[in-house]
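>>> Okay, here's the prediction I keep looking at, along with the sequence it came from:
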Amino acid sequence: MMGKWAGAVCILCASWGMGVWLAAQWKGRLKALEELRRMVYFLKGEITYGHEVLEEALRRVGRRAGSPLGRIFESAAEGIAGRQGESFAGIWDGVLLREKKKVPVLKEEDWEQLRGLGEHLGYLDVDMQERTLLLYLEQLDLSIEFLRAHGRERCRLYTTLGAAGGMFLVLILL
């Protein structure tokens with residue numbers, strides 16, 4: 001009898017914990033996208049107003065961030081410095097593939113948008129690079145707005161459904 005109750009408590013804790021984990025993933029993705037937006041704004045400023053070359057602009061932004069997302073920018077700068085005939089888009093894709101595991105909260109669509117940013121940077125003039133960055137910032141703003149608008153209800157839903165699902169499972173098994 002004691003084993004049944006211990007198992008029921010484990011099921012309840014695990015299902016509630018899964019809901020809490022999903023809510024934390026939602027919040028983590030929002031935080032990561034907001035950080036990415038700040039970094040792209042800094043990159044835009046470095047290129048547009050600082051008239052920095054892409055390599056130096058990426059390096060500065062990456063150092064300033066000091067996070068796994070910042071490491072993406074620093075790695076891209078290192079790739080440009082050591083490039084051997086490879087395009088920036090190729091360097092950027094390679095960096096994203098290597099660094100993807102270090103930022104697990106981003107979804108595949110976020111990585112695709114980031115990949116699209118790299119396809120248009122590096123070989124264009126300053127005005128076109130600025131427009132590319134502004135387009136990416138618009139995409140980021142839409143994603144961030146969606147996450148903010150639905151965040152409270154989704155997080156509450158995840159935790160509530162996790163707990164309710166656990167209770168339902170316990171009732172079925174007992």
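It's in.

>>> Low-confidence stretches in the protein?
Applying pLDDT under 70 to the chain flags the ranges 1, 84-85, 122-124.

>>> which residue is nearest the centroid of it?
With distances taken as CA atoms, centre = their mean, residue 106 lies nearest the centre of the chain, 3.4 Å away.

>>> just the strands in this structure please.
Counting by DSSP state E, the chain has no strands to list.

>>> need the helices for this structure, in chain order.
Counting by DSSP state H, one finds helices in the chain at the ranges 2-48, 54-65, 68-81, 88-99, 108-120, 126-173.

>>> what distance separates the third one from the centre of its chain?
Offset of helix 68-81 from its chain centre (CA atoms, centre = their mean, to the nearest Å): 16 Å.

>>> now the residue lying closest to residue 30 once chain neighbours are set aside: how far from residue 121?
The shortest distance from residue 30 to any non-neighbouring residue, by CB to CB, 6 or more residues apart in numbering, is to residue 147 (4.3 Å). In short, each C-beta sits where N, CA and C put it, glycine included. Using CB to CB, to the nearest Å, residue 147 is found at 25 Å from residue 121.

>>> who's more crowded, the two?
The residue with more neighbours, out of residue 147 and residue 121, is residue 121; 21 against 17, by other CB atoms under 10 Å.

>>> Looks like the more buried one contacts residue 132 (just checking).
Yes: at 6.1 Å, residue 121 counts as touching residue 132 under the criterion of CB atoms under 8 Å.

>>> surely residue 162 meets residue 13?
No: contact criterion CB under 8 Å: residue 162 and residue 13 do not qualify, at 10.0 Å.

>>> Who has more neighbours out of those two?
Taking other CB under 10 Å, residue 162 and residue 13 do not tie; residue 162 has more neighbours (22 against 13).
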